[in-house]
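>>> Here is my input, please return the structure:
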Amino acid sequence: MKLEDVKYSRPDIVGFEAAVKAALISMQGLSDYQEFKTQFLAVNKLSKDFVGAYTIVSVRYSQNTADKFYEDEQNFFDEILPQFQKSSTDFTNMILDSVHKNQLSAEFGSQFLDLAELARKTISEEVMPILQKENVLVSEYQKLTSQIKIEFEGKTYNTSGMAPLLENTDRDYRKRASKAYYGEMLKNQPEIDRIYDELVKVRTEISSKLGYTSFTQLGYDRMGRTCYGPYEIAEYREFVLKYVTPRAHELKKKIAKTLGIDRPYQYDGLLFPDGNPTPKTSPEQMIADAQVMYNELSRETGEFFNMMQEKGMLDLLNRENKSPGGYCTYVDAVKSPFIFSNFNGTSHDVDVLTHEAGHAFQCYCSMHFELGEYYFPTSESAEIHSMSMEFFAWKWVDKFFLQDTEKYKLGHLMKSFLFLPYGVSVDEFQYRVYENPSLTPQERRAIWLEIQGKYMPWVEYDNEPFLENGGRWQNQGHLFFSPFYYIDYTLAQLCAFQFYKKMNRNFENAWKDYYELCCTGGSKNFLELLPIAKVSSPFEESGFKATVEFVYGEIENIFTTFNQKAQA
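Okay, here's the model as predicted:
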């Protein structure tokens, strides 16, 4: 079956709740483990079917936020998801309190039970109406940002479509494009401020009613972080400040020098004076080249990518009313992962094609698990697969970039390294916001500027009110959709850098470790997965420092060689 052939029907939440209640009554008296397990898997299947229907709505709404039918269905799920979560939590609570818990753990592994222990703390009957309000606010933000239109020099763009304009080699052109983009964001800032302000207050109310001292720990529990907490993350952010920020600042100075710019501003995201690398073929040819790449990478990746194409599980082109960004999810009706993106003619198209394919390949490798909870790991682990796949693709990126191949590789390393300070800035901002929920929107934006100055002291703005008033974070959807989901990218980037190091030494062995990691799926927590991948923990300072020094050394060497050739 192809994705386009999937027929959607609205799930019966009342029927689901009744089935779960019946199972609760039936299973509590069961002494036989096999009977208990059979009913456990039956309810697990009901949950998977419900989530599958929600996924279809989520995918189709993101494909066209102007589709009234799927907008209504999205609103329906915004309202009933808390009921589903409550019934699911009631069921998992029974499992956690059951005499058969240890047998389930022995057969299926303890990770799903550890996640259930966190999940049981994150919902109650009392907070269900507030959760509905949270969902509505998130959907408001999605619709608002996906329908922003930027008028620039006679043409209309959405936010994704502006990206190549901001990489134009003409600095004055970039400045005008930047002014148009951020000018439109400024018009929408009052509404974005309102939505986020309400989200902070709603999430704080939820956490208070659930017995948390602030939303921060609730946010961590929602993210399924069973093996580390805010303390470890705070220490990790200090590692970035100590080892990455000084080197990133030095790198920014080197880039500015090659560009001939004394003071880089918000419109100077260019990495190379003759332009950032861009794909040299059409989107259709890129997909065909990606198929060749994955067929040559391994038998498994070839089978995976062929299946994705045959089932129509790639939606990559940018278009009007399509949600910005990219993601990967699993569509149970098709028995396949799905990749969503917005190609815009920049190198990011290749990054996304490989990044989201890393997520999708991991999911494909994990579909052997009986429990759907193991199809994806927690977010920081999932991002290892995606970011590492970006590096594994280096052997084939000449297909996409032709004469820009070496430029792409250097740019990829530099962007990945420079991302780390931004990533921890987003995380610390969220921590400060949720520890101080009474802040006004203006005070929050002032905190962003303070944190930005700490981790990214090179950032300067040229008469751009939206950025100068601290609005840079407001187009970062994660803060609205999945609070505290952003540090994950930086943790995973440190692991991906280690895969990059390993593949340069022995590509086949590095791939073997990566494949084993993918097949382990979500059956273990983050710190348990790292030994399988044979990489060190980002929370260990010595390993962190060694990885940063290696990567920055690579950047310096490649940067010097590249520029010597350019000047020859």
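>>> What residues are bridge-paired with Ile339?
Leu314, Cys328 (DSSP bridges).
>>> Hmm, it is touching Gly358, no?
No: in this structure, Ile339 is not within contact of Gly358 by C-beta atoms under 8 Å, at 10.2 Å. C-betas here are computed from N, CA, C, even on glycine.
>>> hey, where'd the strands end up in the chain?
Ranges of strands in the chain, per DSSP state E, are 150-152, 155-157, 314-317, 327-331, 336-343.
>>> circling back: so between Ile339 and Gly358, which is more surrounded?
Neighbour count, other C-beta atoms under 10 Å: between Ile339 and Gly358, Gly358 has more, with 25 against 21.
>>> so who does the closest residue to that one other than its chain neighbours touch?
Leaving aside its sequence neighbours, Gly358 sits nearest to Met389 (C-beta to C-beta, 6 or more residues apart in numbering; 3.0 Å). Residues in contact with Met389 (C-beta atoms under 8 Å, 6 or more residues apart in numbering) are Thr354, His355, Ala357, Gly358, Phe361, Tyr514.
>>> Out of those, the closest to Leu316 would be?
Checking the contacts of Met389 against Leu316 by C-beta to C-beta gives Ala357 as the nearest, at 10.7 Å.
>>> sorry, back to before: switch the strands of the chain over to TSV, and while doing so, append distance to Asn469 to every line.
Formatted as TSV, those follow (distance: least, C-beta to C-beta, whole Å):
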stretch	distance to Asn469
strand 150-152	19
strand 155-157	23
strand 314-317	34
strand 327-331	29
strand 336-343	27
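>>> how deep is the nearest residue to Tyr141 once chain neighbours are set aside tucked in, by neighbour count?
Spatial nearest neighbour of Tyr141, chain neighbours left out: Phe480 (4.4 Å); criterion: C-beta to C-beta, 6+ apart. Neighbours of Phe480 under the rule other C-beta under 10 Å: 20.
>>> Wait, Phe480 touches Tyr196, no?
Yes: counting by C-beta under 8 Å, Tyr196 is a contact partner of Phe480 at 6.7 Å.
>>> Give me the common contacts of those two.
Common neighbours of Phe480 and Tyr196 (C-beta under 8 Å, 6+ apart) are Tyr141.
>>> Tell me, how many residues neighbour Gly553?
Gly553 has 11 neighbouring residues, counting by other C-beta under 10 Å.
>>> Check Ala496 too.
Neighbours around Ala496, by other C-beta under 10 Å: 28.
>>> For it, give me its contacts.
Glu383, Ile384, Met387, Ser388, Glu390, Phe391, Ser416.
>>> how about Gly326, what does it touch?
Gly326 touches Ile339, Phe340, Ser341, Asn342, Val352, His355, Glu356, counting by C-beta under 8 Å, 6+ apart.
>>> how close does it sit to Phe215?
27 Å (C-beta to C-beta, to the nearest Å).
>>> next one: Tyr267
Going from Tyr267 to Phe215 by C-beta to C-beta gives 35 Å.
>>> next one: Leu144
Taking C-beta to C-beta, one finds Leu144 at 22 Å from Phe215.
>>> got it, and Met308?
Counting by C-beta to C-beta, the gap from Met308 to Phe215 is 37 Å.
>>> Likewise for Pro277?
For Pro277, the distance to Phe215 - C-beta to C-beta - is 41 Å.
>>> Any idea which of the strands of the chain gets closest to Asn75?
Closest to Asn75 of the strands of the chain is strand 327-331 (C-beta to C-beta; 19.5 Å).
>>> ok and the closest one relative to strand 336-343, angle-wise?
Strand 327-331 and strand 336-343 are oriented at 150 degrees to each other (axes from the mean of the first three to the mean of the last three C-alpha atoms, to 10 degrees).
>>> Identify the residues contacting strand 327-331?
Contacts of strand 327-331 (C-beta under 8 Å, 6+ apart): 3, 6, 52, 55-56, 58-59, 62, 313, 336-340, 356, 359-360, 363, 372, 375-376, 386.
>>> ok, now with 7 Å
3, 55-56, 59, 337-340, 356, 359-360, 363, 375 (C-beta atoms under 7 Å, 6 or more residues apart in numbering).
>>> and of those residues, the nearest to Gln403?
For those, the minimum distance to Gln403 (C-beta to C-beta) is 26.0 Å, reached by Glu356.
>>> hang on, isn't that closest one packed against Ile339?
Yes: in this structure, Glu356 is within contact of Ile339 by C-beta atoms under 7 Å, at 4.4 Å.
>>> ok, the closest residue in space to Trp394 that isn't next to it in sequence to Asn504 distance?
Among residues not flanking Trp394 along the chain, Lys409 sits closest, at 6.1 Å (C-beta to C-beta, 6+ apart). Relative to Asn504, Lys409 is positioned 12 Å away (C-beta to C-beta).
>>> Which one's more surrounded, the two?
Lys409 (19 against 13).
>>> my guess is the more buried one meets Ala393, correct?
No: using C-beta under 7 Å, Lys409 is not in contact with Ala393, being 10.5 Å away.
>>> how about low-confidence regions in the stretch 51-200 of the chain?
In the prediction, the stretch 51-200 of the chain carries no residues with pLDDT under 70.
>>> ranges for the helices of it?
Remark: helices assigned in the stretch 51-200 of the chain by DSSP state H, counting those that start in this stretch are 68-96, 101-108, 111-119, 128-146, 171-209.
>>> go on, the stretch 201-350 of the chain?
215-222, 230-239, 245-259, 283-297, 299-310, 348-366.
>>> For the fifth one, buried residues please.
When you say that, I think you mean helix 299-310. Of the residues in helix 299-310, Glu300, Thr301, Gly302, Phe304, Phe305, Met307, Met308 count as buried by neighbour count, 16 or more other C-beta atoms under 10 Å.
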